[in-house]
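**Student:** I'd like to go over a predicted model; first the sequence, then the structure.
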Amino acid sequence: MSETGYVLEARGVVKVFGNHVALDKVNFGLMPGEVHALLGENGAGKSTLIKVLTGAYQPDGGEVLVESQPVTLNNPQHAQTYGIGTVYQEVNLLPNRSVAENLYLGHQPTRYGFVDRRRMERDARTVLARYGLDLDPGSELGTHSVAVQQIVAIARAVELSGKVLILDEPTASLDRNEVERLFDVVRSLKAQGLAVVFITHFLDQVFAIADRVTVLRNGRLIETRALTDVTRTDVVRLMLGKDISFSGATALEEARPAGEVLLDFRNYGRKRSVHPFNLTIHKGEVIGVAGLLGSGRTEMARIMFGADPADEGEVRVAGQKTAIDNPTDAISRGFGFCPEDRKAEGIFGELSVRENIVIALQGKLGWFSALNRDEQMEIAGRFGEAMDIRAASLDMPVKLLSGGNQQKVILSRWLATDPAFLILDEPTRGIDVGAHAEIVRTINRLRDEGLALVVISSELDEVVAYSSRIVVMRDREMVAELHGENINPGVIVQAIASNQTGASA
Amino acid sequence: MTRRMLGRLANPQLLALVGVLLINWLLFPSFFRVTWQDGRLFGSVIDVLNRGAPVAILSIGMVGVIATKGVDLSVGAVMAVAGAVAASLVVAGYPAPVAVIAALLVGLLCGLWNGFLVAVLDIQPIVATLVLMVAGRGIAQLITQGFIVTFNDPLLIFIGTGSFLGLPMATVIALVLLVLVTLLVRKTAIGLFIEAVGVNRAAASLAGIRSRMLLILVYALSGLCAAIAGIIVAGDIRGADANNAGLWLELDAILAVVIGGTSLLGGRFSVPLAVVGALIIQAMNTGILVSGFPPEFNLIVKAGMIILILLIQSPLATRIAPRRPQRARIGVQRTAK
């Protein structure tokens, strides 16, 4: 074993779930006294890697080394004895107990076998002071702000472990000042020689605090770089896996004559969700939406569909000013929406494939004009066949199908309603290659049939291939609309990464 | 088609009912003896159908609620309220039809209140209906002013104890209600929507289902069913007892629905099987009574039987003895298409 200087290291770690490879021979090394950002889109394998490093999962291949010694971590408690502590996005402490109790839960100082409350609170006060917190250790944790709770969680993790601190999206629910406060704590820990792993979706924060960055994509290690020699564009490109030299066959789309205007969103927005945006959508057009996670892509889709109604601006459908306050309104005007989280918002797991397909059409028809079983079979069979749904039977519960087939079921559900406008949020995420191709084929076919589509996707190759136009979202704002020549991954990556509005044009 | 019908009959609930009836017959050989007397049928089996009717009616309302991932704890109390309204009105001299309709409306109103709390205010169903479970009995006591209001109205007594085509009136009402509600949920899209909301309310709303209206409807139906059961029970004892009418019956109704194969987590439901569940419970009660067991055993034996029935339906049992051979169904589907 060669000395690497790493305090915690993963070497060729493999983790397989069923037939899905979540981590494929990933190497990851952590130096003492560094803040190491771990980046990647959802499903890239960040949390799986963290769980392997903290003993929550056992690797199926490769090894975990602590100070160059191979170790087997049985569980997070065991990892703690090696000095590895974790703080999660949601504070998993006890809000209704005191700050001191939360700090010392499970290892309270005792006296004659009883908890020595006085000593615990005294110790807690000195610990908190080191983190710049001047608060009563006897006060209830829940009465403090989330930022303070996060710092208490960090203090607890550091006191318990002391060598490695893993922060899993700690800033997701903090405002700017609170993030700054948290970063002060992280900087002082770093100065003490602690190694910190920092997971986030916010690039600004990565550049503000991290020394090195590791990017994962689809379970593979893409690269580990020092942040001093990468730009924001480089990082985005690594995350999305795009080469600027990519040349897509985009000229073809430009030649297509735009159909008549179907939808016109004017200053359409929702407070605390998405800044007002303008978007005109023609028949026979695919609008691709690009942007990182948390950029407001999904929020925009939900506003368009009325799932979260807009509170500003107006929308015209075929020239008519209309109000879309809920999905029922949207559906009655020919809208359809395939949500990003298939399982939570898309499928009805216990219900049959047949029922899952007819449900939106039935919703449109209302309570009293029910489709009978034969009609349902006919509709489900027709659309199921057109989408090539691989199900043993249309009467089997949809939860037994693969992710790709479930996605096809949801698409079929909307096609059965004879829509004019479809919103697809990450329609190809987490599905197999065959289903992927089928869905891309369907997008092209629908566009040719004159439907208007909005497709949100992190797969830039894919977006570039089928989009007539691309809008780019950043920080809950529509920052660019790309046409013709500009529909290529390089421009998109720049638009996503650039700091000021309009830089992409 | 006939094979499918037969397949449907061979479900654990009907098998359990047959089992319980057979045990009753072994313990009490004349269990199945039915006699004709004074223009109506008599016998232990008829008694099961008659005594089981109130819980069966409650379970017809309850099953829709539970399928939406809810529960209605107030039905027992609503029974008491409806009985009190009907009894007080006839005693006050109003014609019986007016009293019956008023009682039904009050039940419907109670259900709408529950639906409002659950669907509009988004209160958890168990808490929302607990309100009326507690308050309902108080309301019933206020209406009866703390007394058991007795009456001699022939129509109310007929509803509670009369007979139609030889069958007890309560049984006939339950049967009619069973048919009507089954048609309501299965011949319209309401049943599908109830299941969709129960399985995944977020997805249902994105698919354009107005889940709020639907929730109000199921709670309203449950309240209406409770009122019907309340009128029957009041007619049976010729009086309204605010303290005891329908006491704990909400639990029997929930149990009937669960025995009927509807999960408390919502989703798939069957109205007829919930009624079968109610009959299983009553068959056990009657069986223990007529077989001459000491009544002390009653609750213990009942609990044991229920555990057994739930075990048969549990995922564990399905794993040990798979009920539906999937492959056979595939063939049927392919040819059908």
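**Tutor:** Sure thing, it's come through.
**Student:** hey, let's count contacts and neighbours off CA atoms from now on
**Tutor:** Noted.
**Student:** can you pull the phi/psi pair for residue B:244?
**Tutor:** With angles defined as degrees, to the nearest 10, residue B:244 sits at phi -110, psi -20.
**Student:** now do residue A:457
**Tutor:** The phi/psi pair for residue A:457 (degrees, to the nearest 10) is phi -160, psi 150.
**Student:** nearest residue to residue A:301 in space, please, no chain neighbours.
**Tutor:** residue A:423 (6.7 Å; C-alpha to C-alpha, 6 or more residues apart in numbering or on different chains).
**Student:** contact partners of the one helix or strand the one you found maps to?
**Tutor:** For residue A:423, the host element (DSSP states H and E) is strand A:421-425. Strand A:421-425 is contacted from outside by A:298, A:301, A:305, A:334-340, A:414, A:451-457, using C-alpha atoms under 8 Å, 6 or more residues apart in numbering or on different chains.
**Student:** just the ones in helices from the residues you listed, please.
**Tutor:** Judged by DSSP state H, the contacts of strand A:421-425 include A:298, A:301, A:305, A:414 as members of helices.
**Student:** can you add neighbour count and give these back as JSON lines?
**Tutor:** Conversion of the ones in helices among the contacts of strand A:421-425 to JSON lines gives the following (neighbours: other C-alpha atoms under 10 Å in any protein chain shown):
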{"residue": "A:298", "neighbour count": "21"}
{"residue": "A:301", "neighbour count": "23"}
{"residue": "A:305", "neighbour count": "26"}
{"residue": "A:414", "neighbour count": "25"}
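**Student:** what's the local residue count around the residue nearest to residue A:301?
**Tutor:** Neighbour count of residue A:423, defined by other C-alpha atoms under 10 Å in any protein chain shown: 22.
**Student:** that one and residue A:288, how far apart?
**Tutor:** As judged by C-alpha to C-alpha, to the nearest Å, residue A:423 and residue A:288 stand 10 Å apart.
**Student:** overlap in contacts, the two.
**Tutor:** Common neighbours of residue A:423 and residue A:288 (C-alpha under 8 Å, 6+ apart) are A:454-456.
**Student:** re the thing from before, so can I have JSON lines of the ones in helices among the contacts of strand A:421-425 showing pLDDT?
**Tutor:** Shown next, in JSON lines, are the ones in helices among the contacts of strand A:421-425 (pLDDT from 0 to 100):
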{"residue": "A:298", "pLDDT": "89"}
{"residue": "A:301", "pLDDT": "93"}
{"residue": "A:305", "pLDDT": "94"}
{"residue": "A:414", "pLDDT": "95"}
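**Student:** most widely separated two among these?
**Tutor:** The span of the ones in helices among the contacts of strand A:421-425, defined through C-alpha to C-alpha, is set by A:298 and A:414 at 18.2 Å.
**Student:** spell out which parts of chain A neighbour chain B.
**Tutor:** By the rule C-alpha under 8 Å from any C-alpha of the partner chain, the part of chain A lying against chain B is A:307, A:327-328, A:331, A:337, A:344-351, A:355, A:359-360, A:362-364, A:366-372, A:381, A:392-394.
**Student:** quick one: buried ones out of those residues?
**Tutor:** Among the residues of chain A next to chain B, those classed as buried by 16 or more other C-alpha atoms under 10 Å in any protein chain shown are A:307, A:327-328, A:331, A:337, A:345-351, A:355, A:359-360, A:362-364, A:366-367, A:370-371, A:381, A:392-394.
**Student:** looking at those residues, which are in strands?
**Tutor:** Under the assignment DSSP state E, those contribute residue A:337 to strands.
**Student:** could you pull up the contacting residues of residue 281?
**Tutor:** Going with chain A. Taking C-alpha under 8 Å, 6+ apart, one finds A:261-264, A:287, A:452 in contact with residue A:281.
**Student:** the chain in question should be chain B.
**Tutor:** With C-alpha under 8 Å, 6+ apart, residue B:281 has these contacts: B:52, B:252, B:256, B:302.
**Student:** the second one: neighbouring residues, count only.
**Tutor:** With neighbours defined by other C-alpha under 10 Å, the count for residue B:252 comes to 20.
**Student:** how about residue A:449: what's its closest non-neighbour residue?
**Tutor:** residue A:284 (6.8 Å).
**Student:** wait, residue A:150 touches residue A:168, no?
**Tutor:** No: Residue A:150 lies out of contact with residue A:168 (C-alpha atoms under 8 Å); the separation is 11.1 Å.
**Student:** mind checking which of those two has more residues around it?
**Tutor:** More neighbours surround residue A:150 than the other of residue A:150 and residue A:168, with 25 against 20 (other C-alpha under 10 Å).
**Student:** any idea of the pLDDT on that one?
**Tutor:** Looking at residue A:150, its pLDDT stands at 83.
**Student:** buried sites along the helix or strand hosting it?
**Tutor:** Using DSSP H and E, residue A:150 sits within helix A:146-160. Using 16+ other C-alpha under 10 Å as the test for burial, helix A:146-160 gives A:146-158, A:160.
**Student:** now whichever strand or helix holds residue A:125 and helix A:146-160, what's the angle there?
**Tutor:** Taking DSSP H and E as the criterion, residue A:125 maps to helix A:117-130. Inter-element angle recorded for helix A:117-130 and helix A:146-160: 110 degrees (by axes from the mean of the first three to the mean of the last three C-alpha atoms, to 10 degrees).
**Student:** buried sites along helix A:117-130?
**Tutor:** Residues A:117, A:120-121, A:123-125, A:127-128 are the ones in helix A:117-130 that count as buried (16+ other C-alpha under 10 Å).
**Student:** coming back round to it: strand partners of the strand holding residue A:423, parallel vs antiparallel please.
**Tutor:** In the sheet, strand A:421-425 lines up against strand A:335-338 (parallel), strand A:452-456 (parallel) (DSSP bridges).
**Student:** from the chain's centre, how far out does it sit?
**Tutor:** 18 Å (C-alpha atoms, centre = their mean, to the nearest Å).
**Student:** repeat that for stretch B:301-308.
**Tutor:** With C-alpha atoms, centre = their mean, you get 19 Å for stretch B:301-308.
**Student:** same check on stretch A:456-470?
**Tutor:** 18 Å.
**Student:** how about the strands in chain B?
**Tutor:** B:34-37, B:40-43, B:149-150, B:163-164, B:167-168, B:239-240.
**Student:** just put those in TSV and tack on distance to residue B:208 and mean pLDDT.
**Tutor:** Listed next are the strands of chain B as TSV, based on distance: least, C-alpha to C-alpha, whole Å; pLDDT from 0 to 100:
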stretch	distance to residue B:208	mean pLDDT
strand B:34-37	52	86
strand B:40-43	50	87
strand B:149-150	48	90
strand B:163-164	44	90
strand B:167-168	44	93
strand B:239-240	44	91
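**Student:** chain A is nearest to which of the ones you listed?
**Tutor:** strand B:163-164 (32.0 Å; C-alpha to the nearest C-alpha).
**Student:** list of residues touching the closest one?
**Tutor:** Contacts for strand B:163-164 (C-alpha under 8 Å, 6+ apart): B:40, B:169, B:172.
**Student:** kindly recompute the last result at 7 Å.
**Tutor:** Applying C-alpha atoms under 7 Å, 6 or more residues apart in numbering or on different chains, the external contacts of strand B:163-164 come out as B:40, B:169.
**Student:** enumerate the residues of chain B near chain A.
**Tutor:** Residues of chain B lying close to chain A (C-alpha under 7 Å from any C-alpha of the partner chain) are B:187-190, B:196, B:199-200, B:202-203, B:205-209, B:330, B:333.
**Student:** hmm, which of these are the buried ones?
**Tutor:** B:187-190, B:196, B:199-200, B:202-203, B:205-209, B:330.
**Student:** list the helices and strands the longest helix along chain B packs on?
**Tutor:** Ranked by residue count, the top helix of chain B under DSSP H comes out as helix B:211-237. Applying 3 or more C-alpha pairs under 7 Å, 6 or more residues apart in numbering or on different chains; DSSP states H and E, one finds that helix B:211-237 contacts helix B:53-67, helix B:75-91, helix B:96-115, helix B:154-161.
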